[in-house]
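Colleague: starting from these lines, generate the structure:
(chains A and B, ligands or ions: 1)
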Amino acid sequence: MSSLFEIQRRFGDAIRSGTALTTPGAEETQEHLAFAATSVTDGARLSAVEQLDVYREQFWFRHLASLQEDFVAVEHLLGKERFQVLVRAYLDEHPPRHFSLQRLGDAMPEFVRSAAPWSSDPFLVDLVAVEQAFVFLFDAPDARPFDPAMLANVPEAAWPLSTIRLSPAFRILHLGSEAHLYRAAARTGGNAEVPERKPTHLAVARGKTALEYMVLGEPQSVILEKLRAGMPLGEACEHTQRELSMDAADFEAQLGGWFQGWTAWGWLVGIDPP
Amino acid sequence: MGFRERHGIVDLGVGVGARVPHYETIFGETPAMDWFEIISENFLGDGGRALEQLDKLRHAYRVIPHGVSLALGSVEPPSADYLRRLRALVDRIAPPWFSDHLCWGRVDGMDLHDLLPMPMTQAAVAHVADRIKQVQDAIGRPFALENVSSYLTYRESTMPEWAFLTEVAERADCGLLFDVNNAYVSARNHGFDAATYVDYVPAHRVVQMHLAGHTDMGKYILDTHSDHVCDPVWDLYRRAVGRFGAVSTLVEWDENIPAWEVLSQEAARARGLRREVLAASPATVKVQP
Ligand SMILES: [Fe+2]
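Modeller: Here you go, the predicted model:
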């Protein structure tokens, strides 16, 4: 292990400390103080420990600010203090691993789903999922707009065996409430109220000019998930219809309209004949 | 032949950092501005609006990409994915140079998102110079290395910052992005004379300069890019222009971002000051029309 690596490792540990290095007598900072004492020069204005603590503070402020920007509604829900507790716990468990701050909150939905006390608040879990989905969409890959000529090229008989490609900038969230309404209200300074529990299938996508969302009925949400998983169209229809005990004629009557919608909204970007 | 001459690097004049709050003005009115710098990392995603906006910007102005994540001083190398994305961005823009900082920021698979200071040792010189050569090869364009603001010094360091920066640049044979404000901030924080810094670095390698404002925290100065350039930094800039000649200059403003007019005025001030210094020193290269 080179000495440069050793310095960087110990420096990195010190600046991720949740406790200020200047806190007198804090047990958890002893190792960092030892690093400062052996590696950092005392300055005329700042002691070795104070110098290191400048970087610790910056680490915290920068990552807190980034997550505040990503999770405006979550902060609104929890309040400033509890939000900071959440961020500290999250950063301890998921230190930044990507060069882009845009990706800092990637693991937040998983974190609140599994870590106490957050996991026991189902609305918080929903809201985090919604806000994170919007961050993900911001710079998700572009897809070439759907070319209607592609449809004409698929012979009638090949449709049931064809698979459908969905936009990479499109997701469906399965929520226990209409958390997106709270998000919108919190972000626009409106009256944000925690909505009642109600199963909600929310499609979120990057549209031509903005990030968009739409509440889907269950059949659309089920069939879209099957298509995303690569199930051929015919099979996906059959399974969806059976699972939801829908009338076959009824189902087929709606399918054309759904298809048009998916294409118009840019969710559907390609069709691959067998 | 000097670095600038060897790579045909010319003076672009005085530009500003392209920031989202100004996009409406920039795209709506195409105001006069010599050039723009972008933060590379904001344009390394797979898609979305950022890249569309970049294309609009580069069709109207000269754009130079400036990165914050190479972490050249980190023992851990940048990921292949990062380098591939950076290469794609640089190829898209085809700039005369690209830049990043003399610092570290990555360790144990973590990206600490900061420009962390290096111990200034011969071993560190060798490490960073090798890393720069690899990066220049991977990206395929001249690289400019920027000095950072720092708040900490190491016991291990064996040379002053200006010698460290210079040795790295000589060994890597790269360009320099001399940040006048960073030199001032570090000088104030560590008690050295920033003029010595300006007088020492190899002038022929300086392809760009940065100007920015900072925040006085009492016991130290923090490089926040949140304010006007302060008077001592303007004085130092004067000295730098006198030494380096007509070098592309960029005003950075990242926090408390002011109205476009204010930022544009700051660039105009640099432009005027530069003209003054160059007119008075016939030995230096003249500003390109
Ligand atoms: Fe800078």
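Colleague: quick check: which helices or strands does the top helix by length along chain A pack against?
Modeller: Ranked by number of residues, the top helix in chain A under DSSP state H is helix A:48-70. Contact partners of helix A:48-70 among helices and strands, from 3 or more Cβ pairs under 8 Å, 6 or more residues apart in numbering or on different chains; DSSP states H and E: helix A:3-15, helix A:30-39, helix A:80-93, helix A:122-138, strand B:110-116. (Glycine included, C-beta is placed from N, CA and C.)
Colleague: which outside residues touch the next helix or strand after it?
Modeller: Note on helix A:48-70: by DSSP states H and E, the next helix or strand toward the C-terminus is helix A:72-78. When contacts are defined by Cβ atoms under 8 Å, 6 or more residues apart in numbering or on different chains, helix A:72-78 is touched by residues A:68, A:83, A:86, A:123-124, A:127-128, A:130-131, A:182-183, A:185-187, A:192, A:194.
Colleague: tell me the one of those residues nearest residue B:144?
Modeller: residue A:68 (32.8 Å; Cβ to Cβ).
Colleague: flag the shaky bits of the stretch 51-200 of chain A, pLDDT-wise.
Modeller: Nowhere does the stretch 51-200 of chain A drop to pLDDT under 70.
Colleague: correction: chain B
Modeller: For chain B, applying pLDDT under 70 flags the ranges B:282-289.
Colleague: helices along that one, start to end?
Modeller: Counting by DSSP H, the helices of chain B are B:3-6, B:23-29, B:49-60, B:80-93, B:122-139, B:161-172, B:180-190, B:194-200, B:231-244, B:260-280.
Colleague: looking at the contacts of helix A:72-78, which one is closest to the ion?
Modeller: residue A:68 (24.5 Å; Cβ to the ion).
Colleague: could you give the bridge partners of the residue of the stretch 51-200 of chain B found nearest the ion?
Modeller: Nearest residue of the stretch 51-200 of chain B to the ion, counting by Cβ to the ion: residue B:179, 3.9 Å away. Here residue B:179 sits in beta bridges with residue B:210, going by DSSP bridges.
Colleague: ok so, going back, columns mean neighbour count on top of the helices of chain B, output as CSV?
Modeller: CSV is the format used below for the helices of chain B (neighbours: other Cβ atoms under 10 Å in any protein chain shown):
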stretch, mean neighbour count
helix B:3-6, 17
helix B:23-29, 13
helix B:49-60, 15
helix B:80-93, 17
helix B:122-139, 18
helix B:161-172, 21
helix B:180-190, 24
helix B:194-200, 19
helix B:231-244, 19
helix B:260-280, 17
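Colleague: which parts of stretch A:200-210 are buried?
Modeller: Neighbour counts over stretch A:200-210 (16 or more other Cβ atoms under 10 Å in any protein chain shown) mark A:200-206 as buried.
Colleague: what about these, which are in strands?
Modeller: A:200-206 (DSSP state E).
Colleague: any idea how far stretch B:171-186 is from the chain center?
Modeller: Centroid displacement of stretch B:171-186 relative to its chain, using Cα atoms, centre = their mean, to the nearest Å, is 7 Å.
Colleague: that should have said stretch A:117-136, apologies.
Modeller: Relative to the mean C-alpha coordinate of its chain, stretch A:117-136 is positioned 8 Å out (Cα atoms, centre = their mean).
Colleague: got the CA positions of that stretch in PDB?
Modeller: Coordinates of each C-alpha in stretch A:117-136 appear next as PDB, following Å, rounded to 0.1, in the frame of the first residue of the first chain:
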ATOM      1  CA  PRO A 117     -37.400   3.700  11.100                       C
ATOM      2  CA  TRP A 118     -38.000   4.900   7.500                       C
ATOM      3  CA  SER A 119     -39.300   1.600   6.200                       C
ATOM      4  CA  SER A 120     -42.300   1.700   8.600                       C
ATOM      5  CA  ASP A 121     -43.700   4.900   6.800                       C
ATOM      6  CA  PRO A 122     -45.300   3.600   3.600                       C
ATOM      7  CA  PHE A 123     -46.000   7.100   2.300                       C
ATOM      8  CA  LEU A 124     -42.300   8.100   2.700                       C
ATOM      9  CA  VAL A 125     -41.300   5.000   0.800                       C
ATOM     10  CA  ASP A 126     -43.700   6.000  -2.100                       C
ATOM     11  CA  LEU A 127     -42.600   9.600  -2.100                       C
ATOM     12  CA  VAL A 128     -38.900   8.700  -2.300                       C
ATOM     13  CA  ALA A 129     -39.600   6.400  -5.200                       C
ATOM     14  CA  VAL A 130     -41.500   9.100  -7.100                       C
ATOM     15  CA  GLU A 131     -38.800  11.800  -6.600                       C
ATOM     16  CA  GLN A 132     -36.000   9.400  -7.400                       C
ATOM     17  CA  ALA A 133     -37.800   8.300 -10.600                       C
ATOM     18  CA  PHE A 134     -37.900  11.900 -11.800                       C
ATOM     19  CA  VAL A 135     -34.200  12.400 -11.100                       C
ATOM     20  CA  PHE A 136     -33.400   9.200 -13.000                       C
END
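Colleague: name the residues that touch that stretch?
Modeller: The contact list for stretch A:117-136 (Cβ under 8 Å, 6+ apart) reads A:70-74, A:77-78, A:86, A:102, A:105-106, A:108-109, A:111-113, A:171, A:173, A:175-177, A:179-180, A:182-183, A:194-195, A:197, A:202, A:204, A:211.
Colleague: re earlier: tell me which of the helices of chain B sits nearest to residue B:154.
Modeller: Here helix B:122-139 is closest among the helices of chain B (Cβ to Cβ), at 9.5 Å.
Colleague: quick one, the closest one and helix B:80-93 angle?
Modeller: 60 degrees (axes from the mean of the first three to the mean of the last three Cα atoms, to 10 degrees).
Colleague: ok and helix B:122-139 relative to helix B:161-172, angle-wise?
Modeller: Relative orientation of helix B:122-139 and helix B:161-172, computed by the same axes, to 10 degrees: 50 degrees.
Colleague: ok, back up a step: out of the contacts of helix A:72-78, who's the most crowded?
Modeller: Compared across the contacts of helix A:72-78, residue A:127 has the highest neighbour count, 28 neighbours, by other Cβ atoms under 10 Å in any protein chain shown.
Colleague: name the nearest residue to it, ignoring sequence neighbours.
Modeller: Excluding the flanking residues, the one nearest residue A:127 by Cβ to Cβ, 6 or more residues apart in numbering or on different chains is residue A:179, at 4.6 Å.
Colleague: list the contacts of that neighbour.
Modeller: A:123, A:126-127, A:129-130, A:195, A:200, A:202.
Colleague: run the chain-centre distance for stretch B:8-17.
Modeller: Chain-centre distance of stretch B:8-17: 12 Å, with Cα atoms, centre = their mean.
Colleague: kindly report the same for stretch B:223-234.
Modeller: Here stretch B:223-234 shows a centroid-to-chain-centroid distance of 15 Å under the convention Cα atoms, centre = their mean.
Colleague: would that stretch count as contacting chain A?
Modeller: No - contact of stretch B:223-234 with chain A (Cβ under 8 Å from any Cβ of the partner chain) is absent, the minimum separation being 10.0 Å.
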